[in-house]
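Engineer: Pasting a predicted model and its sequence here:
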Amino acid sequence: MHIALKGVTTVRQDVVIPGARFDSVKEEQSTDPITSLAAFVRNAWRVNRDHRVSSGIERVMLQCERQRNGEYDAEDRLKLGGIDVFINITGLKCRAAESWIKDVLVNAEDEPWTIEPTTIPDLPDDLKLQVVNMVKQEVLARGFVNTAQIRDRVKQLKATALHEMQKIAADSSQRMTNKINDQLQQCDWKAVFEGFQADIITYPAGVMKTPVIRNRRSLKWDGSKLQTTTEAIIVCERVSPLDLYPSPEATTPQDANNLIERMRMTKARLFECIGLPFFDDDAIRLVIDTYEDGYRDWLSSDGERARAEKKLGSLWQDSETIDVLEFWGRVQGSLLQEWGIDVDDEQAQYECDIWLVGDYVIRALLNPDPLGQRPYRVTSFNKLPGQFWGEGIPQLIRDVQRVANSAARALVRNMAWASGPVIEVDVDRLDDSEDKPEVIVPWSVRYTKPSSAPGGGGPAIRYNVAPSVAQELMGIFTRYQQLADDFSGIPAYTYGNQNVGGAGNTMGGLSLLYGGALKGIKNVIMNIDRDCIEPMITGIWTYNMLYDPDPSIKADCKVVAKGAEGILQKEQAQARSIETLQVVTPFIQQGLVPPQAAQFLIRTWLQQNGYDLSDFFPDSTVDQEIGGVLGQGPNQGAAPGTATGATPAPSVQQGTPPPSLDGRQAPVQRVMAQSQIPPPG
């Protein structure tokens with residue numbers, strides 16, 4: 001069920017609206033229910049925006065971005081005393097964590113997810129009816145069958161049907177996997193996923209948005225020429241955490257009362273929405289025409305954010321960006337009725353998606369997901385129970401970074417003090433010819449006067465050297481650099497630092513240390529698996545199940561995020577296959593193990609490594625089935641006088657293609673052969 005706004009029409013993309021027509025669109029946008037809808041979203045935006053500022057999470061995000069970039073906060077710059085050296089331990093740890101996660105999830109040969117059929121798929125009603133009819137026919141053919149025989153026969157037929165359904169489901173699951181792989185490659189999801197990982201490491205959370213439908217231009221070959229087409233495709237989008245505003249009580253994107261994304265869209269990107277379902281094309285054209293010089297919904301933090309992102313110079317001259325507020329949240333049925341929408345229950349909460357630009361509503365619909373799921377996937381490097389935002393590496397080592405920087409600044413200052421002497425001069429004792437006592441010249445001679453002090457006094461010029469405490473300061477810095485390893489969970493030896501010491505001096509000790517460090521990064525990968533990959537693929541799977549016209553990809557399946565554990569399990573399974581084959585080979589040669597066992601192990605290893613088994617093992621079962629259908633079984637088809645094993649004469653007309661069999665019919669044929677229905681004739 002979708003929200004149908006009064007007066008909303010769909011305009012073809014190739015139609016240009018005359019200027020006079022904008023008047024009717026403006027009039028429509030300035031009347032109820034659209035004005036009430038816009039006011040509702042505006043009020044939610046104000047509440048969420050004020051909460052994020054008052055909670056301090058926005059300030060934390062900007063601090064994290066500056067810390068990773070190796071920059072001091074504005075209040076800290078006033079206390080530096082002219083020494084602004086920043087030893088960027090945070091940036092080093094963030095880059096190392098990105099590389100580590102990317103190596104496991106993105107650069108792996110296999111995808112970090114899979115679609116598996118359910119263990120016991122449900123039998124369709126038509127298949128159940130076929131089983132019942134088959135049993136009825138057998139009962140009628142025999143005249144009488146006792147209850148136990150009927151029950152056993154039903155069980156046998158049902159087991160065969162379930163076995164076939166499992167094969168079909170596995171086949172459909174593989175087709176769905178290939179379909180989703182193609183969709184993800186088409187939208188370049190790995191590049192988006194890498195940006196999402198960087199956000200997880202840097203900010204209190206990372207945000208990915210999928211599935212999203214966007215118009216994309218592409219080139220297609222129609223058989224004779226290359227054509228440019230525009231089609232709606234599923235895309236994945238990285239959302240900056242600074243642009244997502246959850247409601248105050250939110251702990252996840254799904255349990256929040258509402259979420260609002262502040263989208264900075266160019267005019268071209270906004271124009272691409274024309275023609276997509278549930279968009280008001282006239283309103284989009286009105287927005288582009290009205291905000292010819294761009295539209296920015298300014299926030300107090302925009303200037304500070306622009307400085308952190310190095311975009312301050314272009315921020316004030318941007319005439320192509322239009323701010324769009326996208327609202328995802330619950331709206332009470334009674335309010336929807338006021339907007340002219342028919343609902344089943346006035347007290348129920350309905351999930352809605354609304355796009356607002358200024359005071360113009362350009363899209364409004366009920367959430368099309370059958371479970372009401374929102375398309376946002378949010379997770380953190382370190383999740384905090386009961387909180388929407390977690391912690392990134394900059395937060396985990398912020399105090400360590402500050403102390404290390406303090407030690408580095410003190411070291412630089414001490415190096416300057418100890419780099420030369422502090423000269424003490426008694427100017428009264430200098431000869432009149434010494435007019436430049438501050439100039440130090442090697443092998444020079446200084447002329448002085450006798451001291452009037454009792455006992456002659458000391459020298460007229462004294463050289464005092466400031467003590468160097470560089471060793472102590474360097475020890476402090478090194479200690480806090482090591483603490484950054486512990487606090488972040490990213491040890492130095494994981495990115496090639498050989499100065500491990502202790503147990504890390506031996507191969508076995510280093511292996512134990514690395515295994516311990518893996519526990520921390522596995523927790524992060526588990527967060528990504530559970531909160532991002534699995535719901536992301538599930539969302540795309542749901543979309544395909546609902547809207548894709550191909551029935552061969554649809555089955556009773558579930559999405560499983562494999563992550564590091566799944567990839568590791570696959571590698572271990574491959575190793576076990578080879579080890580087992582090596583162990584059983586001598587027994588095969590001795591005849592103690594049948595050759596079929598070795599063939600099974602080889603097939604398993606080849607399949608795990610992505611090889612096409614048909615290139616190595618022709619499907620002899622299918623060949624026998626085809627031969628049986630053609631009357632050319634192992635003991636059939638030989639003409640009189642023809643030796644067994646000679647090529648039999650074909651039993652069908654030359655040129656007639658054999659029936660299309662794929663190997664799944666064999667169990668059904670075996671069951672039918674046991675049927676108690678007498679054969680015709």
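Structural biologist: Received the coordinates, thanks.

Engineer: How far off centre is stretch 83-94?
Structural biologist: Distance, stretch centre to chain centre, for stretch 83-94: 27 Å (CA atoms, centre = their mean, to the nearest Å).

Engineer: I misspoke; the intended subject was stretch 62-72.
Structural biologist: Chain-centre distance of stretch 62-72: 24 Å, with CA atoms, centre = their mean.

Engineer: so for it, what's the average pLDDT?
Structural biologist: Stretch 62-72 shows a mean pLDDT of 94.

Engineer: Can I get it in CSV? Just the C-alpha atoms.
Structural biologist: Included here for stretch 62-72 are C-alpha records, laid out as CSV according to Å, rounded to 0.1, in the frame of the first residue of the first chain:
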residue,chain,number,x,y,z
LEU,A,62,34.3,16.1,14.0
GLN,A,63,37.0,15.4,16.6
CYS,A,64,37.4,11.9,15.1
GLU,A,65,37.8,13.3,11.6
ARG,A,66,40.4,15.9,12.7
GLN,A,67,42.3,13.3,14.8
ARG,A,68,42.6,10.9,11.9
ASN,A,69,43.7,13.7,9.6
GLY,A,70,46.4,14.7,12.2
GLU,A,71,44.9,18.0,13.1
TYR,A,72,44.4,19.7,16.5
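
Engineer: Quick check: buried residues in the helix or strand where A306 lies?
Structural biologist: Secondary structure from DSSP states H and E places A306 in helix 302-308. Neighbour-count burial for helix 302-308, counted by 16 or more other CB atoms under 10 Å, picks out E304, R305, R307, A308. The way it works is simple: take the backbone N, C-alpha and C, and place the C-beta from them, glycine included.

Engineer: quick check, nearest of these to Y547?
Structural biologist: The closest of the buried residues of helix 302-308 to Y547 turns out to be R305 (CB to CB; 37.5 Å).

Engineer: R66 is in contact with the closest one, correct?
Structural biologist: No - R305 is beyond contact range of R66, at 10.4 Å (criterion: CB atoms under 8 Å).

Engineer: Are there residues contacting both of these two? Which ones?
Structural biologist: When contacts are counted by CB atoms under 8 Å, 6 or more residues apart in numbering, R305 and R66 have no shared neighbour.

Engineer: The residue nearest to D359 when sequence neighbours are not counted in helix, strand or coil?
Structural biologist: Closest residue in space to D359, ignoring its immediate chain neighbours: A38 at 5.2 Å, by CB to CB, 6 or more residues apart in numbering. Here A38 is helix, with the state taken from DSSP: H, G, I helix; E, B strand; the rest coil.

Engineer: which residues are contacting the helix or strand harbouring E58?
Structural biologist: Assigned by DSSP H and E, E58 falls within helix 57-69. Among residues not part of helix 57-69, those counted as contacts by CB under 8 Å, 6+ apart are 52, 72-73, 88, 90-91, 94, 202-204, 241-242, 301, 304-305, 308-309, 389, 392, 394-395, 398, 401.

Engineer: Now restrict these to buried residues only.
Structural biologist: Here the buried ones among the contacts of helix 57-69, as counted with 16+ other CB under 10 Å, turn out to be 52, 72, 88, 90-91, 94, 202-204, 241-242, 301, 304-305, 308, 389, 392, 394-395, 398, 401.

Engineer: Roughly how far does D431 sit from P450?
Structural biologist: Computed as CB to CB, to the nearest Å, the D431 to P450 distance reads 11 Å.

Engineer: more crowded one of the two?
Structural biologist: More crowded of D431 and P450, by other CB atoms under 10 Å: D431, with 11 against 8.

Engineer: which one is R262 nearest to, not counting chain neighbours?
Structural biologist: Leaving aside its sequence neighbours, R262 sits nearest to D243 (CB to CB, 6+ apart; 4.6 Å).

Engineer: Next, count neighbours for the one you found.
Structural biologist: By other CB under 10 Å, 15 other residues sit near D243.

Engineer: all helices for the stretch 151-300 of the chain, in order.
Structural biologist: Ranges of helices in the stretch 151-300 of the chain, per DSSP state H, counting those that start in this stretch, are 189-202, 267-271, 281-290.

Engineer: and the first one, what does it pack onto?
Structural biologist: So the one you mean is helix 189-202. Packing partners of helix 189-202 (3 or more CB pairs under 8 Å, 6 or more residues apart in numbering; DSSP states H and E): helix 57-69, helix 89-105, strand 206-221, strand 226-239, helix 393-396, helix 507-528.
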